Each structure stands twice: as C-alpha cells, then as structure tokens.
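Enquirer: missing the sequence, but the structure's below:
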C-alpha cells in the first residue's frame, strides 16, 4: 500500500511524527555524548586528584630543612649469592664441659652463669677422699725415697772406702731405685686426678682441689651446687669461647654447586636490623639429608663484641662465583606506604612516591627488582620526612 504524503500533510499528521523522531534522535545523541563526557571528565578529575595528593612540592629551603638528599639511580655489579636460613651455635672447637676427674663433694662455687672467665681460673673447689688418699700416698713414697737416697749416699761412701761389701752397696742402691719408682707412680696418679705433683708443698695430705677453666670464655651452663656430689661423667660448668661463632645453615641440593668452602658470607639477625656480620664458609657436609634434600653448611663469624648469641635465628647470604647487574637504593630510601615498599622520586620541585618491588639486602643497600629505572632521581635520605608530610597532606585533604 502506498502512503500519500499530500494527504498526510493535509491531515496534519506528518509534522508531529517528524518532530517526535527528531526529538528521539536528539535525546539519544545528547544522552550518549553526555554520558561519555561525564565519564571522561570524572576519570580525568580522579587522575588529577590522585596525582595532586600523591605529590609533594617543596622549595629548596624546605628540602634542606627536611634533610633530603637525592641521587641518580644506576645499576651496579654484585656478586651472585645463595640466601639460606640458619641458626647460631657456639664454636664446638672452643667449647668445654668442665667436670672433675674423680668423685668429690663441692665445697665452694666461684663462678656463676654468664661470667667471663680466664684460662686457669678457679671455677669451684672440690673435696675428694680418693684424691686425699693419693696425695697421702705420694707424700709417703716421697719421704721413703728421700730416706733411701740418704742411705745410698752413706753406703756409697763406705763402699768407696771398702768398709762395706759390694753386695750390700748393690742392695741399698736397688732399694733407692725402687723408692724413686714409687714416687713416680704416686706422682702419675696425682696427675691422672688433675693435680700437678710439683705444686704439692708440705707434708700434710690435701683432699681439696680446684676445678679450673681450660681456656678463656663465658660460662654458658652451670650445674655446680654447694654441698652436692660431683661425678666425672657429670659436667659442672660449660665454658664457651664466643669470640667466634658457627652459623649452621642448610643449603638446598639445587644450590650446592654454587657454594664452596672459603666463600664470603654475610649474616643478618632480626636483633640488629640493617647490619650484616661478615664470615666465611668453613665446612660443607659430604652427606645429603634425604628428607629435606639439603646439605649442612657451616659459616664462621667473628663475634668479638659479643652481640651475637647462640640459638639466635639468622639469615645467611653466601656469595657464589657469578655476578649480575642490579639497581639498588640505600635501605633508608625505602619506606612503606599502605603496606607497599615505596621510593620517592624527584620531578623538578615535586616529589612523587613510586611503589617498588624489593629484593635482597646487600650491606646497607636494597635491590629494587621493578618500579625504578636507571637515571631517575631518587630520594636516598629523608624519605621518612617525605612520608610524614605526604600522610599529613592527605589527612588535611580528606577534611
């Protein structure tokens, strides 16, 4: 069926239809452009607001007061390393469990737990019946030997003057030799009990003897109680020389080929954040733990100031033979913003926080895996002051 436009015009019906269509088109177009314009405007506004609130603008004077220092980032070559968890232990080559050689009773305790002692220092005094008997036997044989020597000297003179026969002289000489042998045997028994016969003075048997420290160190264990019995198989004191410690680590099988005896290592503990204690690998076990698939490795670390303690947990970084280029910043340049490691970059007079992914710590430097590029200007000192100013400005903007 054909539509007669002239009749529609005459009836006045086409004009409202055209107006309605034009209106619908106009509204749709307006809505569309209106929505897009609003979205683009809101997005730009949010981005502008975010940039504004995350940047700080400081004058040179303000930067100087805040203690800001800026440095250009650059990569540097660092030694490849293997990082393992470890436990600090006393040097087993410089550790002694001190116990008496003979059953005795403790009559005096001279050292306490934690005391620093010198080599040869008396830790306790003990009283032993067995030692008293040995001492008495030594004094007796020594006296007998002295009498036998004087008798021999007398007989020798008479023999030279042919007053006594040779048979008598040989008999007295044999008795003197037997007496000397008895002294030596008694002296050896004293030595076995821990007493030097040369220090024995007088003619009174002594049963009290000192328990001494075998070397200089620290008392790490004490079991000596006044009046109690002490036995040779029970340690009364443990003396440890803590000037050198062992760092016991377990290296995974996959990293074993990278580690060698003599390699440099750095040890860190939570007690001294940011500080690394240097050491060297002293021992690598020849056996693999079949359950953990690790190899026991020992690192020796000097501990002259005594800050490291046995049984501390530690992290050991062992240097390997290779090297790699990394981007690093000082440890103090990295701050936490909303739980994210962040470094401040200088952009003209403005300072902008940049989230980063951090890696290993290398003696005061932190490796940055991502987030920064060489050539950028990073705040290496005063980052905490910038963080405080940024948080303060954000709190002010929120109100």
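Expert: Looks like it came in fine. Here the structure is a predicted model, which means the values were calculated and not measured.

Enquirer: Mind telling me what element residue 285 is part of?
Expert: strand 277-289 (DSSP states H and E).

Enquirer: which other helices and strands contact that strand?
Expert: Applying 3 or more C-beta pairs under 8 Å, 6 or more residues apart in numbering; DSSP states H and E, one finds that strand 277-289 makes contact with strand 244-252, strand 264-268, strand 294-302. Every C-beta, even on glycine, is put in place using the N, C-alpha and C of the backbone.

Enquirer: Switch those strands over to TSV; also include distance to residue 390.
Expert: Formatted as TSV, the helices and strands packed on strand 277-289 follow (distance: least, C-beta to C-beta, whole Å):
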stretch	distance to residue 390
strand 244-252	40
strand 264-268	29
strand 294-302	40
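
Enquirer: would JSON lines of those strands with mean neighbour count, distance to residue 66 and mean pLDDT be doable?
Expert: Listed next are these as JSON lines, based on neighbours: other C-beta atoms under 10 Å; distance: least, C-beta to C-beta, whole Å; pLDDT from 0 to 100:
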{"stretch": "strand 244-252", "mean neighbour count": "20", "distance to residue 66": "40", "mean pLDDT": "95"}
{"stretch": "strand 264-268", "mean neighbour count": "21", "distance to residue 66": "29", "mean pLDDT": "93"}
{"stretch": "strand 294-302", "mean neighbour count": "20", "distance to residue 66": "38", "mean pLDDT": "96"}
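
Enquirer: right, so of those, which gets closest to residue 104?
Expert: strand 244-252 (32.7 Å; C-beta to C-beta).

Enquirer: quick one, that closest one and strand 264-268 angle?
Expert: Here strand 244-252 runs at an angle of 100 degrees relative to strand 264-268 (axes from the mean of the first three to the mean of the last three C-alpha atoms, to 10 degrees).

Enquirer: Residues touching strand 244-252, excluding its own?
Expert: For strand 244-252, contacts defined as C-beta atoms under 8 Å, 6 or more residues apart in numbering pick out 82, 84-92, 94, 259, 265, 267, 279, 282, 284, 289, 292-303, 308, 310, 314, 316, 318.

Enquirer: for the helices and strands packed on strand 277-289, which one sits closest to residue 335?
Expert: Nearest to residue 335, of these and by C-beta to C-beta, is strand 264-268 at 19.7 Å.

Enquirer: could you say what helices and strands that closest one packs with?
Expert: strand 277-289, strand 294-302, strand 313-330.

Enquirer: Show me what the shortest one pairs with in its sheet, parallel or antiparallel.
Expert: Right, the one you point to is strand 294-302. Using DSSP bridges, the strands paired with strand 294-302 are strand 244-252 (antiparallel), strand 277-289 (antiparallel).

Enquirer: circling back: out of the helices and strands packed on strand 277-289, which gets nearest to residue 334?
Expert: Comparing these by C-beta to C-beta, strand 264-268 comes nearest, at 15.8 Å.

Enquirer: what angle do that closest one and strand 313-330 make?
Expert: Using the same axes, to 10 degrees: strand 264-268 against strand 313-330 is 100 degrees.

Enquirer: chain center to strand 264-268, what's the gap?
Expert: 8 Å (C-alpha atoms, centre = their mean, to the nearest Å).

Enquirer: Describe which strands it pairs with in its sheet and in which direction.
Expert: According to DSSP bridges, strand 264-268 has these partners: strand 277-289 (antiparallel), strand 313-330 (antiparallel).

Enquirer: in the protein, which ranges drop under the pLDDT threshold?
Expert: Counting by pLDDT under 70, the chain contains low-confidence ranges at 1-53, 363, 396-399.

Enquirer: after the helix or strand encompassing residue 180 comes which helix or strand?
Expert: Following DSSP H and E, the helix or strand that holds residue 180 is helix 166-192. Where DSSP H and E defines the elements, the next helix or strand beyond helix 166-192 is strand 208-212.
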